[in-house]
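1. Sequence first, predicted coordinates after that:
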Amino acid sequence: MLLETIATGHTPMDMTDLRGKVAVVIGGASGIGLALARRLKAEGMQLVLADFDAAPLEAAASELEALAVLADSRDPQSVQALADQAVDRFGKVDLLCSNAGVARMAGIAHLTLQDWRWQFDVNLFGAVNAVQAFLPILKANSDGAHILFTASLSSFYPTRGQAAYAATKYALAAFGETLALEMQAEGARVGVTLLCPGPVRTNIGTQYARREAQYQAKPGAGAGGGPDIHEQAFRSETFDIDWRAADEIADAALAGMRRGEMWVITHPDLMSATLARNEAIAQAAERNGARPQVKAAQPAE
């Protein structure tokens, strides 16, 4: 069976003029989500902002004259209620930004099962819940629609101290890429883009201290004690990296969607590890006698 490639995106939605179109931004009260909302508002879009944090959500909605919906991306019923409110207000959705995310940087021996579940519940299952709730709405949009997932450069290569976070982002990339393939195979007018930033100046690092009781470490949870050399290595390796502003990431996301990109890479200077990993995989395949059977990528529409 031939492998299918999605090296170029599929953007059936006309993004030339976004005035009057409707965007839903999940995780839209701060960080990249708020920057995306501001950028889309500047393009003339009507906004629905969703977040679990009421005070910043209300502030963002007031600033941007947006519909604010208090929602928990981990809860399918909460996300379905968000979709229902968006349609009740605007009658349609053109762009879904699935942006909610959390992170816990630690070596594997220092991660509890609660750490793993917390990150998967938000970073992966939040996106799954969003697609299940919104995909019928997006597919029904005769003008075409688009989904933007906030993934990460950690979707492409491992880094010490990021096992759980990177695992969620690898999974999110696979989910988004598969969704793109299925939409193309169905002839659905729904495009998909994965936003893959490197380090960004947001408050994602503060979420760990505020996580709910169900994600707190339990007695005997198994996390290792003593110094975490892998978390220390991660922080040391990222200390001198160019941490971008969230508004730069939002600009790149919109430009990438307009170009029909499957992946939007905001830190191309950090791609060397990904390229080296891909080359190592290709060399391993050659040593095992593999013969690539890959369809040529089709140009973006």
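-> Received, thanks.
2. where do the strands sit along the stretch 101-250 of the chain?
-> 145-150, 190-196 (DSSP state E, counting those that start in this stretch).
3. and those strands as CSV, adding mean pLDDT and mean neighbour count?
-> Yep, even glycine has a C-beta here, placed from its N, CA and C like the rest. Converted to CSV, the strands of the stretch 101-250 of the chain look like this (pLDDT from 0 to 100; neighbours: other C-beta atoms under 10 Å):
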stretch, mean pLDDT, mean neighbour count
strand 145-150, 98, 26
strand 190-196, 96, 27
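4. I'd like those laid out as a markdown table, including distance to residue 60.
-> Converted to a markdown table, these look like this (distance: least, C-beta to C-beta, whole Å):
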| stretch | distance to residue 60 |
| --- | --- |
| strand 145-150 | 16 |
| strand 190-196 | 19 |
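5. Out of those strands, which is closest to residue 265?
-> Closest to residue 265 of the strands of the stretch 101-250 of the chain is strand 190-196 (C-beta to C-beta; 5.5 Å).
6. before we move on, the earlier item: residue 68: which of the strands of the stretch 101-250 of the chain is closest?
-> For the strands of the stretch 101-250 of the chain, distance to residue 68 was read as C-beta to C-beta. The smallest value, 19.6 Å, belongs to strand 145-150.
7. List the buried residues in stretch 68-84.
-> If you call a residue buried by 16 or more other C-beta atoms under 10 Å, then stretch 68-84 has these buried ones: 68-75, 78-83.
8. Straight-line length of it, end to end?
-> 13 Å (C-alpha to C-alpha, to the nearest Å).
9. Stretch 41-49 too?
-> Stretch 41-49 end-to-end distance (C-alpha to C-alpha) = 11 Å.
10. contacting residues around it?
-> For stretch 41-49, the external contacting residues (C-beta atoms under 8 Å, 6 or more residues apart in numbering) are 17-25, 28-29, 33, 37, 40, 57, 60-61, 64-69, 82, 85-86, 89-90, 93-95, 254.
11. Sitting in strands, which of these do you find?
-> Counting by DSSP state E, the contacts of stretch 41-49 place 22, 23, 24, 25, 67, 68, 69, 95 in strands.
12. Would you mind giving those residues as JSON lines with distance to residue 263 added?
-> JSON lines is the format used below for the ones in strands among the contacts of stretch 41-49 (distance: C-beta to C-beta, whole Å):
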{"residue": "22", "distance to residue 263": "25"}
{"residue": "23", "distance to residue 263": "20"}
{"residue": "24", "distance to residue 263": "22"}
{"residue": "25", "distance to residue 263": "20"}
{"residue": "67", "distance to residue 263": "30"}
{"residue": "68", "distance to residue 263": "30"}
{"residue": "69", "distance to residue 263": "29"}
{"residue": "95", "distance to residue 263": "17"}
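13. could you dump those to TSV with pLDDT?
-> Below are these laid out as TSV (pLDDT from 0 to 100):
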residue	pLDDT
22	99
23	99
24	99
25	99
67	99
68	98
69	99
95	99
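14. Let me know the closest of those to residue 266.
-> Nearest to residue 266 among those: residue 25, at 17.6 Å, using C-beta to C-beta.
15. Quick check: nearest residue in space to the closest one, chain neighbours excluded?
-> Distances taken as C-beta to C-beta, 6 or more residues apart in numbering put residue 97 closest to residue 25, at 4.4 Å, once the chain neighbours are dropped.
16. So what are the sheet partners of the helix or strand containing residue 49 and their directions?
-> Assigned by DSSP states H and E, residue 49 belongs to strand 46-51. Here strand 46-51 has these sheet partners by DSSP bridges: strand 22-26 (parallel), strand 67-70 (parallel).
17. mean confidence score for that strand?
-> Averaged over strand 46-51, pLDDT sits at 98.
18. same check, this time on stretch 121-135
-> Mean predicted confidence for stretch 121-135 is 98.
19. What is the burial count for the closest residue to residue 34 other than its chain neighbours?
-> Of all residues not flanking residue 34 in the chain, residue 60 sits nearest, at 5.5 Å (C-beta to C-beta, 6+ apart). Per other C-beta atoms under 10 Å, the neighbour tally for residue 60 reads 23.
20. how far away is residue 60 from residue 186?
-> Counting by C-beta to C-beta, to the nearest Å, the separation of residue 60 from residue 186 is 34 Å.
21. Show me what residue 244 is bridged to.
-> Counting by DSSP bridges, the residues bridging with residue 244 are residue 200.
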